[in-house]
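Next come a sequence and a model predicted from it.
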Amino acid sequence: MHSLHPDGYRVSRGGKVLHIEKGSTEHFFHFLLGYLLPAVWLGIKSGSKIRVLDCGPLMNGRLEEALNSSGLKWEYWRGWKPWAKTVSLPRWDLSREPFEDFQNAVLFLSRALEGAPNCVESACETKENLFLIRSPEPSFYGPAGPAILKGYGIGRREISNREEIINHLGAVGSSFSVYQPGAHSLRCQMKAFGSAKKVFGVRGAEWANLIWMNQETSACVVFEGGTTTPFAPALARDLRISLHSIVGESAAPHVDPVTVEKYFSDALPEPRWNIPN
Ligand SMILES: [Zn+2]
């Protein structure tokens with residue numbers, strides 16, 4: 001039996017998170033890359049039952065989907081058992097080392113998720129161009145909610161004129177799907193990103209789904225507040241997925257609809273990442 005916490009976390013013997021460094025397991029990017037993926041990998045390699053943290057009501061659904069479809073023996077880490085060892089997992093949300101383990105873990109999890117049920121049947125089928133929108137903020141992540149780090153989805157940021165862009169793309173006959181990753185199962189997100197050639201959206205946790213994309217595909221991330229962040233660009237570089245950045249000045253950036261139309265209709269851009277220090 002291994003009780004698993006991410007590197008940089010201090011956890012009580014009852015499984016309560018006391019201190020974290022960087023992102024939390026209740027947010028999708030850090031959850032998927034910094035906890036679920038290395039946890040699955042350790043469970044497979046060790047062959048032991050694993051005990052996992054409660055990752056909040058939203059991420060727990062994805063956690064259970066992944067662990068159940070992986071065939072692992074697992075339980076939630078609730079209540080200390082004196083014989084349980086604790087194990088600190090690598091933070092693949094921050095640095096994908098060793099890279100071969102990271103790649104093998106992605107491969108294993110993607111095969112396991114093939115057997116997971118669809119979330120909403122045919123309504124989830126998507127085209128090669130994805131226009132991402134973010135989810136509303138559940139009360140769990142709100143100012144009075146119990147989340148370790150506050151804020152989620154639209155509550156953090158969104159493209160201010162997304163409806164205008166969607167209407168424009170429709171009017172010019174662009175081939176694309178509007179996709180809200182937070183509304184879908186992990187398997188569905190894997191399928192949508194795995195079959196995508198180009199994905200456009202604002203900075204956010206949903207870019208963890210870059211791990212399902214093929215090489216020679218492209219992502220276009222809109223950053224806010226006049227600056228970029230390294231998480232998605234560094235992941236794209238490691239995966240050899242071209243990443244284009246648009247840097248908006250405000251917290252809710254405005255994007256010219258023609259920019260998105262051209263991004264979807266033009267040839268794939270040259271690989272580049274623009275990773276800030
Ligand atoms: Zn779905």
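That came through fine. Numbers count the residues shown, from 1 in each chain.

which residue does the stretch 151-277 of the chain bring closest to the ion?
Nearest residue of the stretch 151-277 of the chain to the ion (C-beta to the ion) works out as residue 188 at 3.0 Å. Bear in mind the C-beta positions are built from the backbone N, C-alpha and C, glycine included.

my read: that residue touches residue 118, true?
Yes - assessed by C-beta atoms under 8 Å, residue 188 is found in contact with residue 118 at 6.8 Å.

between the two, which one's more packed in?
residue 188 (23 against 14; other C-beta atoms under 10 Å).

what's the next secondary structure element after the helix or strand hosting the more buried one?
Using DSSP states H and E, residue 188 sits within helix 186-194. Moving toward the C-terminus from helix 186-194, the first helix or strand encountered (DSSP H and E) is strand 198-202.

Mind listing the strands the next helix or strand after that following strand pairs with, and their directions?
Downstream of strand 198-202, the first helix or strand assigned by DSSP H and E is strand 218-223. Under the criterion DSSP bridges, strand 218-223 sits next to strand 198-202 (parallel), strand 242-247 (parallel) in its sheet.

Mind pulling up the pLDDT for the residue of the stretch 151-277 of the chain closest to the ion?
According to the prediction, residue 188 has pLDDT 95.

ditto for residue 18
88.

So it lies in a helix, does it not?
No - according to DSSP: H, G, I helix; E, B strand; the rest coil, the state of residue 18 is strand, so it is not within a helix.

In the worst-scoring helix or strand of the chain on mean pLDDT, which residues are buried?
Lowest on mean pLDDT, DSSP states H and E among the helices and strands of the chain sits strand 17-19, with a mean of 88. Of the residues in strand 17-19, those buried by neighbour count under the rule 16 or more other C-beta atoms under 10 Å are residue 17.

helix or strand for residue 111, which one?
Residue-wise, residue 111 maps onto helix 99-114 under DSSP H and E.

how big is the angle separating that helix from helix 186-194?
120 degrees (axes from the mean of the first three to the mean of the last three C-alpha atoms, to 10 degrees).

how far out from the middle of the chain is helix 99-114?
Put simply, helix 99-114 sits 15 Å off its chain's centre (C-alpha atoms, centre = their mean, to the nearest Å).

ditto for stretch 46-64
16 Å.

Identify the residues contacting that stretch?
Outside stretch 46-64, the residues within contact range by C-beta atoms under 8 Å, 6 or more residues apart in numbering are 1-5, 11, 15, 17, 25-28, 31-32, 35-36, 39, 42-43, 67, 72-78, 84, 138, 140, 147, 152, 182, 185-186.

Any of those residues buried? List them.
Among the contacts of stretch 46-64, those scoring as buried are 2-5, 11, 15, 17, 25-28, 31-32, 35-36, 39, 42-43, 67, 72, 74, 77, 84, 138, 147, 152, 182, 185-186 (criterion: 16+ other C-beta under 10 Å).

Which of these fall within strands?
Residues of the buried ones among the contacts of stretch 46-64 located in strands (DSSP state E): 2-5, 11, 17, 74.

Greatest separation within those residues: which pair is it?
Taking C-beta to C-beta as the measure, these span a maximum distance of 18.0 Å, between 17 and 74.

What residues does the residue nearest to residue 87 when sequence neighbours are not counted make contact with?
In space, and not counting its chain neighbours, residue 87 is closest to residue 2: 4.7 Å by C-beta to C-beta, 6 or more residues apart in numbering. Residues near residue 2 by C-beta under 8 Å, 6+ apart: 42-43, 46, 48-51, 84-87.

Residue 2 bridge partners, please.
Judged by DSSP bridges, the bridge partners of residue 2 are residue 50, residue 85.

swap in residue 74?
For residue 74, the beta-bridge assignment (DSSP bridges) gives partners residue 50.

Just the buried residues of stretch 103-122, please?
The neighbour-count check on stretch 103-122 (16+ other C-beta under 10 Å) flags 105-106, 108-109, 112-113, 116, 119 as buried.
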